[in-house]
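>>> Please work out how this folds:
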Amino acid sequence: MSMLWLQAIVINTVLIAGAQRFPLLTPSGWVHAGALGTVLWGCLGWQGWLAVVMYLAAGSLVTKIGWRDKEKRGLAEARGGRRSPANVWGSAATGAALALLIGSGLEPKSLLLVGFSASFAAKLADTFGSEIGKRWGGQPRLITTLQPVPAGTEGAISLEGTLASAAGSVLMTLALYSLQLLPSLAISSVVMLIGLLATLAESVLGAVAQDRLTWLSNELVNSLQTTLAALLAIAVLSPWMS
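Numbering: from 1, shown residues only. As a prediction, the model looks like this:
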């Protein structure tokens, strides 16, 4: 076992044991987060691990904004906003898979990191748009028809929520750039845009299919969104980085 993986196991075991007291994840969610953190540290080093910790912190913080109001209106996340294992992997399965490919030595690493980054930019964009839109968004409209719909409807968007999604994508991308997981601001700007576009695509999927397909859970939709973002970023940026 390499020293990096040994560090990953020890650090994540200690941190998760101490983090159980914080109301961000369920007890089993913390265990799965520890497994995710171990993979990220082992494959990408502390930078990849810290990027996802920053995503978790920002996403959890924005979920708590206006919590009482969202709870009264029946729009709050279940379990008091604590993430379950399904939430952890719905958000991070794509990123974890790309991290494992990087850890295995697959090249080009730079493009795989772009996909990794885009997946988390898209997910934080989704979280910001959803949570801020629920609290401060105006009249929600279905993305496919622009007809007014009740708050919380699958595929509903608002101007405020869309702007919040853009802010979430920018924030996550800048964090990834600052950790040197993205090589330039030009490439980062493309990742920012793709994060927002993937979030809008998720809304289209929600409007078109989620209420019609019982097996299409929120977690699966999240995985599809992050996968789309990663593949789109790799496809768009491949000519620039090859």
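>>> Please tell me how far the spatially most central residue of the chain sits from Leu56.
By Cα atoms, centre = their mean, the chain has its centre lying nearest to Lys123, at 2.5 Å. Applying Cβ to Cβ, to the nearest Å, the value for Lys123 to Leu56 is 10 Å. The way it works is simple: take the backbone N, C-alpha and C, and place the C-beta from them, glycine included.
>>> thinking Ala92 is in contact with Leu36, fair?
Yes: between Ala92 and Leu36 there is a contact at 5.5 Å, judged by Cβ atoms under 8 Å.
>>> in the protein, which helix has the most residues?
Determined from DSSP state H, the single longest helix within the chain is helix 27-64.
>>> Give me the helices and strands touching the helix or strand hosting Gly168, please.
Gly168 belongs to helix 159-178 when assigned by DSSP states H and E. Helices and strands touching helix 159-178, by 3 or more Cβ pairs under 8 Å, 6 or more residues apart in numbering; DSSP states H and E, are helix 27-64, helix 109-136, helix 185-205.
>>> picking up where we left off before, give the contact list for the residue nearest to the centre of the chain.
Lys123 makes contact with Tyr55, Gly59, Ser91, Ala92, Met172, Asn222, Gln225, Thr226, according to Cβ atoms under 8 Å, 6 or more residues apart in numbering.
>>> Can you give me the distance of it to Val149?
Going from Lys123 to Val149 by Cβ to Cβ gives 23 Å.
>>> If I look at Ser242, what pLDDT would I see?
Looking at Ser242, its pLDDT reads 65.
>>> gap between Ser84 and Met172?
22 Å.
>>> More neighbours: which of the two?
Met172 (29 against 17; other Cβ atoms under 10 Å).
>>> got a list of what that one touches?
Contacts for Met172 (Cβ under 8 Å, 6+ apart) come out as Met54, Tyr55, Ala58, Phe120, Ala121, Lys123, Leu124, Ala125, Gly195.
>>> neighbours of the nearest residue to Thr162 once chain neighbours are set aside, just the number please.
Computed as Cβ to Cβ, 6 or more residues apart in numbering, the closest residue to Thr162 that is not its neighbour in sequence is Gly129, at 6.3 Å. With neighbours defined by other Cβ under 10 Å, the count for Gly129 comes to 29.
>>> what's the answer for Asp211, then?
The number of residues packed near Asp211 is 12, by other Cβ under 10 Å.
>>> Could you list which residues are in contact with it?
Here Asp211 is in contact with Glu154 (Cβ under 8 Å, 6+ apart).
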